[in-house]
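K.L.:
predicted coordinates and the sequence they were generated for:
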2 protein chains.
Amino acid sequence: MKELLKSFEDYLLDNLPLSKSFHPYFEEALGDMLKAGGKRFRPMLLLSVVKSKKPLLIENAFPVALGLEMLHTYSLIHDDLPAMDNADLRRGFKTLHKKYDEVTAILVGDALNSEAFNQIANAPLHNDIKVELIKALGSNGGIDGMIIGQAIDCYFENQKLELNQLEFLHIHKTAKLIAASLKMGAIVAQYDLDTQNRLYNFGIDIGLLFQIQDDIIDETQSEEQAGKTTQHDGAKNSFVNLLGLDGAINSANTLAKKCEDELNSFDLTLKDSLNDLLLKYIYRHKN
Amino acid sequence: MKELLKSFEDYLLDNLPLSKSFHPYFEEALGDMLKAGGKRFRPMLLLSVVKSKKPLLIENAFPVALGLEMLHTYSLIHDDLPAMDNADLRRGFKTLHKKYDEVTAILVGDALNSEAFNQIANAPLHNDIKVELIKALGSNGGIDGMIIGQAIDCYFENQKLELNQLEFLHIHKTAKLIAASLKMGAIVAQYDLDTQNRLYNFGIDIGLLFQIQDDIIDETQSEEQAGKTTQHDGAKNSFVNLLGLDGAINSANTLAKKCEDELNSFDLTLKDSLNDLLLKYIYRHKN
């Protein structure tokens, strides 16, 4: 798994988006947030699924994994804009609108959004596969996926959501792109439709589980334990505030068990490949 | 030509992007700027080329034309943001960040950007064609096309550009998407590669010509004559300020003649199809 991550990281650094022009810093800005990136979680989900069935196609799938990371990265850049989270730091570096200016942050985000699809279209894979990949990314990363989740998150920041609304928010904002990453791996590896759908549904459950766990960790762990800023905010739309701490832990336990069962239901090679990446997260709210 | 525009307009209104959620206005915002749209110039370029060789494929190409219009529309929405032009009005309506809020304008733009590619991927056309279309849109509408043009336009707003830099700006900001529209029509209609490239180069010339003409019209016509706000701004990066008025008119004449020759070089049906749309513009700076 570490080798795969290293290979992908090398590929990414060798294939940063280019724009040859006389603009003093736009090209540098294009690469900044891509280079700064953390776990490469979505690319690794995709590549792990590919590896389990078509290991010879892993390198062919690198442009697809890079496209996924570009789409995810553009969403972070735009989420950090002054009109949204107005964040100063991301992945330990200055956000683009702080380092350069707001125009650059908007345009780098726009560029990475379009380029995500261009990367997939130019991958050394069969055209039938590439069209399916673009549909999966477009529908889960777009209007009826990540975007409506983010729009709801922003609009309802100071208004109480019902439980089903909070689930809708996180399924769209986060879980759908995770689910798409697994499904896109299955499309490249040419798993049957049933496996594609089961991987997708598993991804939705994993994405939702992560969010419930985050809410629990915010409530129960110190910043040192969690290794990140934790917030105890009673007004926030969170599973802990809606269900109480015990209720949220029960929900997380139930969902974690479901995820574990789903993971165990996959073919051995697929299960092994995903275990490496995912098993350590499934019960992290209990640590 | 009017019939084709009417059919496309009907198609667009029947196929506005949907997001079914409990957000109070995001879905309405998604459609606002698409519905408000003017001449549908890029879709009509694409459809005119398709019509000249494969009239039976025109309806199959409507999703592609809609994708083009979505990409163009997202760029206008983001150009109007407070950090860029800070515009109050667009196509006679309030801009999205004025009617709703900045978050909505950013996210609607992001959604239309991704959805442009999703529309093409879902069009009833052969997968080989769709992949080529996505490459053409991604490369001309993205990092090395429209985006770098816009980044340069913003960065050098108050700094003088050389002639070749001003040409670079407008070729990237405007001409490449016009050229891509013609080329994408040729891809759908399965014109040979030579014709695809000639249409692309013709589109670059047409896009550049329009910009020189706009600069001349800003200098020479009253707002009533031009039918729009005209600016006589000596500090602006414009062809008139760089070449003088006579020099700019000479350039426009030379380029208009080149465009006319290029138009005449195409097969009769292609030429006729484009004449309807373009001939009236080629000498408009002389009116």
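P.N.:
On my side now, so go ahead.

K.L.:
give me phi/psi at residue A:175?
P.N.:
Note on residue A:175: its backbone torsions stand at phi -70, psi -30 [degrees, to the nearest 10].

K.L.:
and for it, the neighbour number?
P.N.:
Residue crowding around residue A:175 was assessed by other Cβ atoms under 10 Å in any protein chain shown; the count is 26. Backbone N, C-alpha and C define where each C-beta goes, glycine included.

K.L.:
please apply the same query to residue A:234.
P.N.:
There are 8 residues near residue A:234, going by other Cβ under 10 Å.

K.L.:
now do the same contact list for it.
P.N.:
Listed by Cβ atoms under 8 Å, 6 or more residues apart in numbering or on different chains, the contact partners of residue A:234 are residue A:241.

K.L.:
for it, give me phi and psi.
P.N.:
Here the main-chain torsion angles of residue A:234 (degrees, to the nearest 10) amount to phi -70, psi -20.

K.L.:
give me the pLDDT value at it.
P.N.:
With respect to pLDDT, residue A:234 has a value of 74.

K.L.:
and it, how far from residue B:14?
P.N.:
Here the distance between residue A:234 and residue B:14 works out to 46 Å (Cβ to Cβ, to the nearest Å).

K.L.:
now do the helices in the stretch 1-150 of chain A.
P.N.:
Along the stretch 1-150 of chain A, the stretches classed as helices by DSSP state H, counting those that start in this stretch are A:2-14, A:26-35, A:41-53, A:58-79, A:96-99, A:102-121, A:127-141, A:148-155.

K.L.:
so which of those helices is the most packed in?
P.N.:
Stretch with highest mean neighbour count among the helices of the stretch 1-150 of chain A: helix A:102-121 (a mean of 27; mean count of other Cβ atoms under 10 Å in any protein chain shown).

K.L.:
between it and helix B:148-155, how big is the angle?
P.N.:
Regarding helix A:102-121 and helix B:148-155, their directions subtend 170 degrees when assessed with axes from the mean of the first three to the mean of the last three Cα atoms, to 10 degrees.

K.L.:
so is helix A:102-121 next to chain B?
P.N.:
Yes - judged by Cβ under 8 Å from any Cβ of the partner chain, helix A:102-121 comes into contact with chain B through A:102-104, A:106-107, A:109-111, A:113-115, A:117-118, A:120-121.

K.L.:
now stretch A:135-144
P.N.:
Yes - using Cβ under 8 Å from any Cβ, we find that stretch A:135-144 touches chain B at A:135, A:137, A:138, A:139, A:141, A:142, A:143, A:144.

K.L.:
starting at the chain centroid, how far to that stretch?
P.N.:
Computed by Cα atoms, centre = their mean, to the nearest Å, the chain-centroid distance of stretch A:135-144 equals 13 Å.

K.L.:
hang on, the earlier thing: which stretch among the helices of the stretch 1-150 of chain A comes nearest residue B:202?
P.N.:
Comparing those against residue B:202 with Cβ to Cβ, the closest turns out to be helix A:102-121 (23.2 Å).

K.L.:
give me the distance from that closest one to the chain's centre.
P.N.:
Average the C-alpha atoms of helix A:102-121, do the same for its chain, and the two points are 16 Å apart (Cα atoms, centre = their mean).

K.L.:
among the residues of helix A:102-121 next to chain B, which one lies nearest to chain B?
P.N.:
The nearest member of the residues of helix A:102-121 next to chain B to chain B, counting by Cβ to the nearest Cβ, is residue A:118 at 2.9 Å.

K.L.:
show me what contacts the closest residue to the closest one other than its chain neighbours?
P.N.:
For residue A:118, the nearest residue in space outside its immediate sequence neighbours is residue B:138; the separation is 2.9 Å by Cβ to Cβ, 6 or more residues apart in numbering or on different chains. Taking Cβ under 8 Å, 6+ apart as the contact definition, residue B:138 lies against A:114, A:115, A:117, A:118, A:121, B:117.

K.L.:
isn't the fourth one up against residue B:144?
P.N.:
No - the pair residue A:118 and residue B:144 does not pass the contact test of Cβ atoms under 8 Å, sitting 9.7 Å apart.

K.L.:
residues in the stretch 151-287 of chain A within reach of chain B, list them.
P.N.:
Taking Cβ under 8 Å from any Cβ as the contact definition, the stretch 151-287 of chain A meets chain B at A:151, A:152, A:154, A:155, A:165, A:168, A:172.

K.L.:
quick one, the helix or strand that the fifth one is a member of and helix A:148-155 angle?
P.N.:
Yep, that's residue A:165 we're talking about. Assigning secondary structure by DSSP states H and E places residue A:165 in helix A:163-170. If you take the same axes, to 10 degrees, helix A:163-170 sits at 120 degrees to helix A:148-155.

K.L.:
I'd like to know how many residues surround residue A:87.
P.N.:
A count of nearby residues for residue A:87, using other Cβ under 10 Å, gives 16.

K.L.:
whoops, residue A:261 was the one
P.N.:
Number of residues near residue A:261 (other Cβ under 10 Å) recorded here: 11.
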